[in-house]
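Asker: need a 3D model of the following:
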Amino acid sequence: MVDKAFMLLTFIGVPLSVIGSLMHWPSILLFVIYCLTIVALASFMGRATESLAVVAGPRIGGLLNATFGNAVELIISIFSLKAGLVGVVLASLTGSVLGNLLLVAGLSFFVGGVKFKRQRFNVYDARHNSGLLMFAVIVAFVIPEVFSMTMNEGETIALSVGISLILIVLYLAALFFKLVTHRGVYQPKEDRGENHHEEEPEWGKGKAIAILALATVAVAYVSENLVHTFEAVAESFGWTELFIGVIIVAIVGNAAEHASAILMALKNKMDIAVEIAIGSTLQVSMFVAPVLVLISLLFPVNMPLIFTLPELISMASAVLLMVVISNDGESNWFEGATLLAAYFIMGIGFYLL
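Answerer: Next up, the predicted model:
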């Protein structure tokens, strides 16, 4: 039923997006149409990556979900950089970290915990990811802020570029570690491989890849138009660039992985759900953000890897909370509720800021 609704929304939303942009409909109406269309397209991306995950296993499946989930946000961010909206991009990166660690993981833990009182996931992956989360968010994002206090604009950009290159190299090394040199080394013997091998993928590999490609192209078109509505929507509702980036863009941009992670939790596939939430956070902080810094060098306005104090404190708090909750390799609905409560508290703060 839900899949049919998203299909209908896609077939209606894409043509309306094209017609509305050509006929210059009111910005608020277009903003709503674009957001709903992107969410609908993201559902197709989620279903396609889920089909590929059935064949590839939890680690590759989680990585695929995180990658294509972040592809939407990366596309929106590139067009935002082109428009000179650096504040929106930095805020959307903050929103992705908060959304993945608190909203996505929180909903997954809560929904899965209601159905299954106690759910388990790979504790070795959780501990490995905890160290990377601490490095990626607290070290790599806080250090530039501290050093930039005594630097001029050119030196700050140079520092950001240097840190970005290091982050990208370490992220690729982390993938090589998990998927090649230490694949299966830290994997418990029990309960591994019995779920995803029994299940048949919804779509074949060729069809899934084709749908991913088409959906990504459509998202790119809609995202470019969505960016042009931000200023008018902000004026109409009294929203700041920070709130639009942290809450609106982050939720819309990460809709695919939100849906995928919750669906995996309902099927008691917590390895994939946790890999989506934490893996996506690592990908945003160690790959997407550095890539955007490098891409911004092609535009008139460069983006430094410098966040505001509320953004830094919020991201660091989310990381510490997630590390404490996930380090035992188990989850329940109350832990999910705790993560969600933290997300809503921060959401209220960014709205009133």
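Asker: please report how far Ile138 lies from Val161.
Answerer: 20 Å (C-beta to C-beta, to the nearest Å). Bear in mind the C-beta positions are built from the backbone N, C-alpha and C, glycine included.
Asker: my bad, should have said Tyr343
Answerer: From Tyr343 over to Val161 (counting by C-beta to C-beta), the distance is 31 Å.
Asker: output the below-cut-off pLDDT ranges for the stretch 101-250 of the chain.
Answerer: For the stretch 101-250 of the chain, applying pLDDT under 70 flags the ranges 184-199.
Asker: which one's more surrounded, Tyr343 and Val161?
Answerer: Remark: of Tyr343 and Val161, Tyr343 carries more neighbours, 22 against 18, as counted by other C-beta atoms under 10 Å.
Asker: that one contacts Gly106, correct?
Answerer: Yes. Contact criterion C-beta atoms under 8 Å: Tyr343 and Gly106 qualify, at 6.2 Å.
Asker: and Glu200, how many neighbours does it have?
Answerer: With other C-beta under 10 Å as criterion, Glu200 counts 7.
Asker: name the SS class of it, please.
Answerer: Following DSSP: H, G, I helix; E, B strand; the rest coil, Glu200 is assigned to coil.
Asker: which residue ranges form the strands in the protein?
Answerer: For the chain, the strands defined by DSSP state E occupy 119-120, 330-331.
Asker: got any ranges where the stretch 251-353 of the chain has weak pLDDT?
Answerer: If you take pLDDT under 70 as the line, the stretch 251-353 of the chain has these spans: 253, 256-257.
Asker: walking through it, point out its helices one by one.
Answerer: Remark: helices assigned in the stretch 251-353 of the chain by DSSP state H, counting those that start in this stretch are 255-266, 270-283, 289-296, 309-326, 333-352.
Asker: thinking again about what came up before, quick one: closest of the strands of the chain to Glu224.
Answerer: strand 330-331 (38.0 Å; C-beta to C-beta).
Asker: each with direction, which strands does that closest one pair with?
Answerer: strand 119-120 (antiparallel) (DSSP bridges).
Asker: for Ile28, give me the pLDDT.
Answerer: Per-residue confidence at Ile28 stands at 89 (pLDDT).
Asker: for it, give its distance to Gly238.
Answerer: 13 Å.
Asker: out of the two, which sits in the more crowded spot?
Answerer: A direct count of neighbours by other C-beta under 10 Å for Ile28 and Gly238 places Ile28 higher, at 13 against 8.
Asker: which residues touch the more buried one?
Answerer: 229, 232-233, 236 (C-beta atoms under 8 Å, 6 or more residues apart in numbering).
Asker: mind putting those residues in a markdown table, distance to Val219 included?
Answerer: Below are the contacts of Ile28 laid out as a markdown table (distance: C-beta to C-beta, whole Å):
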| residue | distance to Val219 |
| --- | --- |
| Thr229 | 15 |
| Ala232 | 21 |
| Val233 | 19 |
| Ser236 | 24 |
